[in-house]
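Participant: here is the input, now give the coordinates:
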Amino acid sequence: MSDIIETPLDIEVHPPKLYAEYTSTILRAPSKPMILLKKSLTERTAPLFQDFNLGALDHDLTKNSIKNGEPLGERIVVHGTVRNEKGEPIPNTILEIWQANAAGRYVHKVDQHDAPLDPNFLGTGRCMTDAQGNYKFYTIKPGAYPWGNHHNAWRPNHIHFSLFGNQIVSRLVTQMYFPGDPLLEYDPIYKAVKAKGRELLISKFDLDITEPNFALGYRFDIVLRGNQATPFENR
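Facilitator: Down below sits the predicted model:
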């Protein structure tokens, strides 16, 4: 592992804990100043995944939950590189993703959106970065869905990401968006991220990774910690 350095987060990138337009933050944001704890060895280390056994199709959401046919929707490839705050690739770390299906519906009992479930699409996957910090998923482009934050509120197409890196404190939960989505300018979760950081959450169309006659490609690079860090999800 590379040496651990302590570069502060860029506050002009990451979302505040309280963003009034994102109404659930009003209830969950701290009402008192946070107490910063001294980092111990626990925070400066993380699980080691080199020997973690992944299923052969864990990274392929178009195949990992098929029951009676192919999942519906536009197939896509999502790839990128995970780096630390010094720009070095982070190998052998687990990425997990979850998302709605092409109709904008999650496989979850809380999701009662009036849209069809897809029996051949679960919407979850995981993979491990290679020696150069690269990752790749196959999936279906998720649909938009209503979410009740305000009148006629719709979430843009997005994929949730969770990953650790080489320290517990570098764990990142974030969302990847798609270029040109007209809903972005109306979405308070996306808009809660400072203007300087929003582009870091938008994937880029990648013709080089696009697979002919099969799937469009998108690149989404991730930086953990430091002043170049990918914006983390507002908790």
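
Participant: show me where pLDDT drops low in the chain?
Facilitator: Applying pLDDT under 70 to the chain flags the ranges 1-12, 41-51, 165-170, 234-235.

Participant: which of the three states applies to the residue nearest the centre of it?
Facilitator: The centroid of the chain falls nearest to F161 when counting by C-alpha atoms, centre = their mean (2.4 Å). With DSSP: H, G, I helix; E, B strand; the rest coil as the basis, the three-state label of F161 is strand.

Participant: mind checking which helix or strand the nearest residue to it once chain neighbours are set aside is in?
Facilitator: Nearest residue to F161, sequence neighbours excluded (C-beta to C-beta, 6 or more residues apart in numbering): T174, at 5.2 Å. C-betas here are computed from N, CA, C, even on glycine. According to DSSP states H and E, T174 maps onto strand 172-177.

Participant: would you mind measuring from P15 to G197?
Facilitator: As judged by C-beta to C-beta, to the nearest Å, P15 and G197 stand 8 Å apart.

Participant: out of these two, which sits in the busier spot?
Facilitator: For P15 versus G197, the count of surrounding residues by other C-beta atoms under 10 Å is larger for P15: 22 against 18.

Participant: the more buried one belongs to a strand?
Facilitator: No: assigned with three-state DSSP, P15 falls outside any strand and is coil.

Participant: correct me if wrong: it contacts A195.
Facilitator: No: the pair P15 / A195 is not scored as a contact, 11.3 Å apart, by C-beta atoms under 8 Å.

Participant: CA atoms only: put stretch 62-70 into PDB for me.
Facilitator: Output in PDB follows, covering the C-alpha atoms of stretch 62-70 (Å, rounded to 0.1, in the frame of the first residue of the first chain):
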ATOM      1  CA  THR A  62     -27.200  -8.100 -17.200                       C
ATOM      2  CA  LYS A  63     -26.500 -11.800 -16.400                       C
ATOM      3  CA  ASN A  64     -26.300 -12.200 -12.600                       C
ATOM      4  CA  SER A  65     -30.100 -12.500 -11.900                       C
ATOM      5  CA  ILE A  66     -31.500 -13.900 -15.000                       C
ATOM      6  CA  LYS A  67     -34.500 -16.200 -14.500                       C
ATOM      7  CA  ASN A  68     -36.400 -16.500 -17.800                       C
ATOM      8  CA  GLY A  69     -34.800 -14.200 -20.300                       C
ATOM      9  CA  GLU A  70     -32.600 -11.100 -20.800                       C
END
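
Participant: max-length strand in this protein?
Facilitator: The longest strand of the chain (DSSP state E) is strand 75-83.

Participant: next, the angle from it to strand 172-177.
Facilitator: If you take axes from the mean of the first three to the mean of the last three C-alpha atoms, to 10 degrees, strand 75-83 sits at 140 degrees to strand 172-177.

Participant: what is the subsequent helix or strand relative to strand 75-83?
Facilitator: strand 94-98.

Participant: can you tell me which residues contact the closest residue in space to T124 that isn't next to it in sequence?
Facilitator: When the adjacent residues along the chain are set aside, T124 lies closest to W98, with 4.7 Å between them (C-beta to C-beta, 6+ apart). By C-beta atoms under 8 Å, 6 or more residues apart in numbering, W98 lies in contact with 106, 123-125, 159-160.
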